[in-house]
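*Asks:* sequence-free structure coming up:
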């Protein structure tokens, strides 16, 4: 069984989210969870900064959903745009920690000027999520609020992220590619 998360995945409180997660898991074989969570959205924001904030909200909800309904060794695919802001990097770090295999890819079919890419997360570490999911759930009302779009925030200690050298190399390479795409877009409107 698979779960798709889009614009309609709009939980704002812990109770309704938990009810949804229980129903999803109960519907799977042996109640072990789903094997795949797909997460995609389309931003209606005009500025790159607001698009990224909207993407952060969506990624957070995808991570939250995965931590509750994904079976051990399951997979998560999330559509991304940019990863420049602090919270975006922290969310990528969470994915890096929760999955054995974490990659960000740009499909060959994607237009070169478009910033879209996909986080492909494989082999979910359910044990890691057990410690994290209640903390994430408590943050849901804030992430779902209108105030979230107006402020910069942090969800984990950035020093922890900076200590992970492999993760930093990964983000640097991704951001270099994104900056090259932005320059191409500006040079060729």
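*Replies:* Sure, I can see it. As the structure is a prediction and not an experimental result, all values here were calculated from the model.
*Asks:* longest strand of the protein?
*Replies:* The longest strand of the chain (DSSP state E) is strand 70-80.
*Asks:* so how far is the next helix or strand after it off the chain centroid?
*Replies:* Next in sequence after strand 70-80, counting helices and strands by DSSP states H and E, comes helix 86-98. Here helix 86-98 is found 8 Å from its chain centre; the criterion is Cα atoms, centre = their mean, to the nearest Å.
*Asks:* same check, this time on stretch 59-76
*Replies:* On Cα atoms, centre = their mean, the centre of stretch 59-76 falls 9 Å from the chain's centre.
*Asks:* now stretch 57-68
*Replies:* The answer for stretch 57-68 is 6 Å, by Cα atoms, centre = their mean.
*Asks:* what of stretch 96-113?
*Replies:* Put simply, stretch 96-113 sits 12 Å off its chain's centre (Cα atoms, centre = their mean).
*Asks:* go on, stretch 125-139?
*Replies:* 14 Å.
*Asks:* low-confidence ranges in the protein?
*Replies:* Low-confidence segments of the chain, defined by pLDDT under 70: 1, 6-9, 149-189.
*Asks:* which residues in it form helices?
*Replies:* Remark: helices assigned in the chain by DSSP state H are 14-26, 48-69, 86-98, 126-144, 158-163, 165-187.
*Asks:* direction included, what does the longest strand of the chain pair against?
*Replies:* With DSSP bridges as the test, strand 70-80 is paired with strand 34-39 (parallel), strand 117-124 (antiparallel).
*Asks:* please identify which of those is closest to residue 15.
*Replies:* strand 34-39 (20.9 Å; Cβ to Cβ). From N, CA and C alone the C-beta is placed, and that goes for glycine too.
*Asks:* contacts for the closest one next, please.
*Replies:* 1-6, 9, 24-25, 28, 58-59, 61-62, 65-66, 69-71, 74-79 (Cβ atoms under 8 Å, 6 or more residues apart in numbering).
*Asks:* can you check stretch 95-107 too?
*Replies:* With Cβ under 8 Å, 6+ apart, stretch 95-107 has contacts from 59, 63, 66-67, 76, 78, 80, 83, 92, 116-125, 128-129, 132, 164, 167, 170, 174, 177.
*Asks:* got the contact list for the spatially most central residue of the chain?
*Replies:* In the chain, the C-alpha nearest the mean C-alpha coordinate belongs to residue 59, at 2.7 Å (Cα atoms, centre = their mean). Counting by Cβ under 8 Å, 6+ apart, residue 59 touches 39, 78, 80, 88, 91, 95, 119.
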